[in-house]
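Trainee: Sharing a model that was predicted from the sequence below.
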Amino acid sequence: MTRRQLLWEVGGGAAGLALAQLEAEAAPRKPGTHFAPKAKNLIVIFLPGGISHIDTFDYKPDLVKHHGKQTKGENTITPFFGKPGAVMRSPWEFRQHGKSGKWVSDLLPHLATTVDDLTFFHSMVTRSNAHGPAIFQMSTGYIFQGFPSIGSWVSYGLGSENKNLPSFVVLPDPRGLPPCGVANWGNGFLPAEHQGVIFGDEKKPIADLRAPVSDPVQAASYDLLSKLNEEHLGANAGEDALAGRIRAYEMAAKMQLSAPDVTDVSKESDATKAMYGLDDPVTRAYGYNCLLARRLVERGVRCIQMFNGGHFGAPRINWDGHEDLRANHSRCGAVMDKPTAALLKDLKQRGLLEDTLVLWTTEFGRLPISEGIGEGGRDHNPEGFTSFMAGPGLKKGFSYGRTDELGYKAAENPVTLYDFHATMLHLLGIDHTRLSWYHNGLQRRLTDVHGHVIKDVLA
Amino acid sequence: MKLCTGWIALAYLAHAQDFDRTVKPLLEQRCVRCHSGDKAAAGFDMTGAAGFARVLKPGDPDASKLYQHLVSGKMPMGGPRFEAADLAAVANWIRSGAQTSKLAAPKKSYWAFQPPVKSANGKSIDDFLLAKLGEKHLVFSPRASSRDLIRRLHFALTGLPPKDDDYKYTYAETVDRLLGSSAYGERWGRHWLDVVRFGESDGGEHNFERFHAWRYRDYVIDALNADKPYNQFIREQLTGDLLAPNDPQMVAATGFLVAGPWDSVSAELNKDAAMKKTARMDELDDMVTTTFHTFQALTVNCARCHDHKFDPIPTKEFYQLTSVFGGVGFGTRQVVTPEDKNRYDAEVKPFNAELATVQKAIDEIELPVKARLLREKLIAFDRARAAEKFRLPLTPVFSRNRFAPVNAKHLRLAVQGHQGKLARIDALELQPAGITLSNWTAPTSASVDKPVYINFDNPAARSIDAIEWATDRTNGRNDGIIRVYALEASDDGSAWRSIAVSLDHISVNEIEMPSVSDAEVLAALSKELQDRRAALHKDRAEWRKKIDAIVPPAMVYAAKPHSIEPAHLLERGSVSKAKEEVFPGALAALGHRNGLFGLDGKADDASRRIALADWITDTRNPLTARVIVNRVWYFHFGNGIVNTPSDFGLMGDRPSHQELLDWLAVSFMESGWSLKWLHKQIVSSKAYQQSSAMNDKAFSVDAGNRLLWRMPLKRMDAETLRDTILSATLSLNPARGGPSFLLQKKGDRGSYIYAALDNDGPEVWKRAVYRFVVRGGERIFMDSFDCPDPSVATPQRSISNTPVQALTLLNNGFVMKQSERLAARLAHEAPTPEARIKRAYQILYGREPSLNELDAGLTFSRQHGMPAYARVLFNTNEFIYTP
């Protein structure tokens, strides 16, 4: 078949494309890598609101020196709310950790013990200083709403390794959906099978997964349905779409069995549960998600997007520490630190970090000055922030790029999100310039028309 | 043509012809636009032989850069990849020597920019289609059964299933009935809303509701039902507010321009000037892009940062277009004449005054109780948090800070920031020394640079370790509340040190604070006051009702006047690199009119937009009619004549039947731009009435059915599925138009997330087109069936097929409830189990069950009940795929 015909198959739906993706049958782009991948699974940990780089991993001793002074000149940024205050030192002390001697603040004592496995990007830049566009750019590559998310690109590019589970699973923060909600895992113009599927809490893993009828009725219903559909197919011989839909129901039946199995963590050891903080009310819910992420990776789910931080509202449940950075980051940090570190360590001890890429990121950083006068918060900083990756193919315990002495702007080797995403795809065996989808006159990609793989971080 | 001599020329002659016939047109269409001339991309000029040689290794495609780039998809950059057949042609050509001839850049000859002309080769849709089929020795499939045809027409024209009586009409009668029914506008209005990315929330971070956006949806449905001429339909959507500023319908038409997402945060809150400017450019880009996608199927937005790579659209023209919309902003506007507005205000004014009086009386009862109760709770909360690092937020009824004991002779409170004109304190105490202050009002307003000091003398240097105060313990009002302060101590009255500051308090955004409920207020009142309060609440409700009864001026979410900024060409799209000023205009390449509108930077909003509307609706515009004809065709056949309905540019599809497209486009304009005329032409054709049965021979020749050798089966879209289920169970609420019903609702307390509501019931059983369409809302039933989020335009919906979709249709509460309702309907309409199953087949499929099907149905329903059986039928392929 030619490409255009396939295009129509998608637009007009004559073929069971979802199944094609799941079963690696013919598809517009056969799922698969462009070259040997380093990692085959992806976990994205997104901290919405904007976690401060200079209060976590980007150590700036000069903040202490200049504390209380006004900054001027071209190396400054207009804060989002337009209230420039004085330089504010971090409320946390920094110490060196691990063989790499990485400076980490006391806010993150657990992640500090994993630094030798991490690859830091200290010179991240993004295009907008407002949450919405910046979040969209991190989650989809574009500052506008409606483009396919990272996970849907990966699902489209690589297909699934597990027929009984979705290829792209989303674990929102238990406190609430992230800002911009489902747009973070939307399929945009990619077919709907690449939409992220939310796994909710322990009792209700997937929407509509539970049969509202008894097991025997459900089983009999599947039987009758298959019988009626086969008869209908007989009268419509050669219709792939109809055959594809029959297979989708067979898979749905399997998914009903396998999804509860993956979400039930009761058989995990007490030590494991404790490691993830399941014994502490502060860390329990997010810790469960971290543990679930590991279990999903074990079962071949291609991409898991986790959130630490919910939407806006009061009281604040994400990292947007405008008025009160200490209170905000203390509370968020207590939730995020231990389970995240546990996930990294657990993946490593089980050998899963050898083929799983973990991204830890946020939409932007925070300014070195306080917000407004006499207040203890920090405003948005799109021109310099920190993310890290962990996984195969990367230099470990390594820091790439840097911000200026106060942490205002990327001062060396700025990393755009296009570069960050290109590097991520590269590690998954995908050439970011070749993973594309035609939409409204353009071959669209995750990285728009930009992006370079950051070779310097590759092992 | 490159000259070859001797036997080599002869040997290559055949291949050279191949090149001219097969490869050359591909390269000319797909590559040369960028790779030609002085500014050739990557310095590679394909029109010069020298440049060409660089990328070819004759005889070895795999070693030829040209072929490598095409295979890898690296080229054509930004456009669809070469098809397999085209790649094979290129490979063959290189393998057999890569003989070339001079390439020419495509100029004005591009088909879509030539005016459509009526060919003499046909007089009907069928003529043109049969001619092309004949070339491949194919013919139409036989006519479909009359049952299938009636079903096809109903779903296609109204998005609803036929009822029993509907099967008795002839085909021609049915066409007229359906085109005359209001369900037609609802069905095709939904298609249009997809194309124009219509949503009812802003999207993005704040994602506010657009409560009055539904008027645009109603405008579209009404316009289609009235068969408003398409050129007028365009004109009103671009300029309705200018043509009739006091007519809500006409103003609502411009909801088109602002139907897309809007970043209110960047537009209104952002203090960074460059970011703000960029956000405005994004708004204008969205309007320009949607206008050109929708009406011209051109991707002008590509020219925002650079000249369009494929189509002849220079960057300058993109910015001319932004200047056309310079006077358009986003927002809700009141549509009313000044006289009506005055009349309304005058009518409402006395009621509002009454309402204010009642409110004041209510406050006098409630506020003191509320303030007292809240203060009690805060004091207890503060005590419970004695070990916490941070103090409670500052509130008007209670503020307290504590610190290590201080013994100082001089103490002062520096007030550095407050709400209201002057800072106030109704009572303050330094504890435990017992130094107090009451009923204090600052003499001047205070700031960090100019604090207002309150001095306390402490000659005995008694110890203090806390400060506690309140602004308004009586009513709890915020006026005068201190937000920024420092408590300072000094031993000599000249050197001051800070001992407590506002930074010690946690932000109100970071903590769940106690609150007082209405029930608590009520319980704390005397019986007498309870009664008085109840009476006042009743009064208030009545005044509000009276105010609501006066019909307010229509509120419409539509184009809202915006101050016009000078437009400049922006280099690389950057607002910091503004170049020469540009003036309102469109595209020169279409050639039907001057690209510039003859307006300067002082031109008003009206002349700008009206000029564009004239330019687009001009009968000589080569694209306008073709584009809409193709859209309608696409929705009917699942294939467009051009299969990229919003892109007729070089990177888009080529028409499968250009003569047919042009014939239809010209005839459509001659018909008076009547969409109903167009529908009738299409559905009356033999092509449309073909059976949808598979034909292996035809499939092997034309798997994608571009030549239309059959009518494809169609999976219902999400709205049709929901409407059809509701219709089958007699649940569909026939109410039309008006404010949308909600399936998702925005959270309270400043949350911007739309949670899915658990409100399945008759009040939401209207047609799905009347749903409140939010951007980025929590998942609902329809999302599994490719119902698009309207954040980007969706000229073509995907049709996906997933296990999650199967689970939705099996297990979702909506389907369960409707299964029960269908069972109830069957029980009501048919007396025996056998009759019920037959009835179900009639309702859902419009046919009798086979004996097998009947048996299976009887066995299953006897064992598991009729609702479970109905649920299975809703899940069948025959239900969801229409003929």
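Mentor: Alright, I've got the coordinates.

Trainee: mind checking the SS state of the closest residue to chain A within chain B?
Mentor: Chain B approaches chain A most closely through B:I799 (2.3 Å), counting by CB to the nearest CB. Bear in mind the C-beta positions are built from the backbone N, C-alpha and C, glycine included. Following DSSP: H, G, I helix; E, B strand; the rest coil, the label given to B:I799 is coil.

Trainee: Isn't it up against B:Q805?
Mentor: No - in this structure, B:I799 is not within contact of B:Q805 by CB atoms under 8 Å, at 10.4 Å.

Trainee: Next one: B:P396 from B:V484, what distance?
Mentor: As judged by CB to CB, to the nearest Å, B:P396 and B:V484 stand 15 Å apart.

Trainee: out of these two, which sits in the busier spot?
Mentor: B:P396 (24 against 21; other CB atoms under 10 Å in any protein chain shown).

Trainee: Can you tell me how far the residue nearest to that one when sequence neighbours are not counted is from B:D504?
Mentor: Spatial nearest neighbour of B:P396, excluding adjacent residues (CB to CB, 6 or more residues apart in numbering or on different chains): B:T471 at 4.1 Å. Relative to B:D504, B:T471 is positioned 18 Å away (CB to CB).

Trainee: What number of residues are in the vicinity of the residue nearest to B:P396?
Mentor: B:T471, neighbours per other CB under 10 Å, totals 27.

Trainee: who's in contact with it?
Mentor: By CB atoms under 8 Å, 6 or more residues apart in numbering or on different chains, the contact set of B:T471 is B:396-397, B:399, B:424-426, B:477-482.

Trainee: Kindly reformat those residues as CSV containing distance to B:M651, secondary structure and pLDDT.
Mentor: Below are the contacts of B:T471 laid out as CSV (distance: CB to CB, whole Å; DSSP: H, G, I helix; E, B strand; the rest coil; pLDDT from 0 to 100):
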residue, distance to B:M651, secondary structure, pLDDT
B:P396, 62, coil, 96
B:V397, 65, coil, 97
B:S399, 64, strand, 97
B:R424, 67, strand, 97
B:I425, 69, strand, 97
B:D426, 71, strand, 95
B:R477, 62, coil, 95
B:N478, 58, coil, 94
B:D479, 61, coil, 95
B:G480, 64, coil, 95
B:I481, 60, coil, 96
B:I482, 62, strand, 95
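
Trainee: B:A466 looks like it's in a strand, true?
Mentor: Yes - under three-state DSSP, B:A466 sits within a strand.

Trainee: so how far is B:D504 from it?
Mentor: Distance from B:A466 to B:D504, by CB to CB: 11 Å.

Trainee: Looking at those two, which one has more neighbours?
Mentor: B:A466 (17 against 14).

Trainee: Not counting sequence-adjacent ones, nearest residue to the residue nearest to the spatial centre of chain B?
Mentor: Against the mean C-alpha coordinate of chain B, by CA atoms, centre = their mean, the closest residue is B:P790 at 2.8 Å. The shortest distance from B:P790 to any non-neighbouring residue, by CB to CB, 6+ apart, is to B:G199 (3.7 Å).

Trainee: what about that neighbour, which SS state?
Mentor: Strictly by three-state DSSP, B:G199 counts as coil.

Trainee: pretty sure it is touching B:G255, no?
Mentor: No - using CB under 8 Å, B:G199 makes no contact with B:G255, being 10.7 Å away.

Trainee: hmm, back to that, now restrict the contacts of B:T471 to buried residues only.
Mentor: B:396-397, B:399, B:424-426, B:477, B:480-482 (16 or more other CB atoms under 10 Å in any protein chain shown).

Trainee: With adjacent residues omitted, what lies nearest to residue 355?
Mentor: No chain in the question, so chain A it is. Closest residue to A:D355 apart from its sequence neighbours, by CB to CB, 6+ apart: A:K40 at 4.9 Å.

Trainee: um, chain B though
Mentor: Closest to B:L355 by CB to CB, 6+ apart is B:W543, at 4.4 Å.

Trainee: so what's the one you found up against?
Mentor: B:351, B:354-355, B:358.

Trainee: Most neighbours among those, which one?
Mentor: B:V358 (20 neighbours).

Trainee: Roughly how far does it sit from B:R544?
Mentor: 10 Å.
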